[in-house]
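Enquirer: Need the 3D shape of this:
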Amino acid sequence: MTEDGTEHPMVQAPARPAIQTRTPPYHTPGDGPRMSYEEYLAWHGEEGNAGEWVQGEVIPFVPPGLRHQRILRFLTLLLSAFVDSRHLGELIVAPFEMRLADLDRSREPDLLFVATEHLERFDAQRLNGAADVVVEILSTSSATRDRRDKLAEYAAAGIPEYWIIDPRFDPAIVELCTLTEDGYYAPIPPDSTGIIASIVLDGLTIDPAWLRQDPLPDVSKIAKSWSAKPESGHTRSTRRAPQS
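Expert: You can find the predicted model right below:
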């Protein structure tokens, strides 16, 4: 399904190398409006305006499609059930600003998680600095931006874990990426059954097959399996270089 909600043929996902980037964040100017950050805040506050701000350029959002929104709802319920029941921090769903001032950027990830020990980075309007986990669900209009631009930006910002969900392919691509000591992202390898375990959210496991089902599975049934693992459910200290 395209971002405007129309159906499109599913295609086989290509083989992908390990996700890595040592490339400094860059931005190739596009056709978006040029304005200061203060002007962007005023623009964003007007009804009907939605987008991100990168080095003086606004990147307007294309409305997401139905599959994108269904996956977003599923992940929101899934992560909320895990985070809230264990009092690990705060999960925020888009639209909400993550201000990376040192990188001259303002992004709005689909989902972001901030651990309890970093909640002081929030003010009433935005997250000032890096989240602990960021989730982006790709669409045709955002794929290059999410896989190239944000991959480099989030690594430079010190975000310990970046989830990339690409439902455009059959089967859907699900990648949980961890920030290495060398400052680039590498995929977290699945176990022998295909399950991927979050490093930041210790005890949280993701079965990529969940995101390939239609309809998506019942979160309450998944959460019951966690209750059998009382030792799980804390955040791990990870390498990060917070940006403000």
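
Enquirer: C-alpha only now, for contacts and for neighbours.
Expert: Fine.

Enquirer: Would you map out the domains in this structure?
Expert: 32-61, 63-235 (automatic domain parsing).

Enquirer: rank those by pLDDT, which is bottom?
Expert: Least confident of the domains of the chain, judged by mean pLDDT, is domain 32-61 with a mean of 89.

Enquirer: list the buried ones in that domain?
Expert: Using 16 or more other C-alpha atoms under 10 Å as the test for burial, domain 32-61 gives 34-35, 37, 40, 43-44, 50-59.

Enquirer: and the end-to-end length of it?
Expert: One end of domain 32-61 to the other measures 10 Å (C-alpha to C-alpha, to the nearest Å).

Enquirer: My guess is L111 contacts V135. True?
Expert: Yes - here L111 reaches V135: they are 5.0 Å apart, a contact under C-alpha atoms under 8 Å.

Enquirer: circling back to that earlier point, would you point to the one among the domains of the chain that's packed deepest?
Expert: Burial of these is given as mean neighbour count (mean count of other C-alpha atoms under 10 Å); domain 63-235 ranks first at a mean of 18.

Enquirer: Stretch 61-69 spans what distance, first to last residue?
Expert: Start-to-end span of stretch 61-69 (C-alpha to C-alpha) is 14 Å.

Enquirer: Mind jotting down where the helices sit in the protein?
Expert: For the chain, the helices defined by DSSP state H occupy 37-44, 66-86, 143-144, 150-157, 219-226.

Enquirer: Let me see the contact set for the residue nearest the centre of the chain.
Expert: In the chain, the C-alpha nearest the mean C-alpha coordinate belongs to V135, at 1.5 Å (C-alpha atoms, centre = their mean). Residues near V135 by C-alpha atoms under 8 Å, 6 or more residues apart in numbering: 109-112, 162-165.
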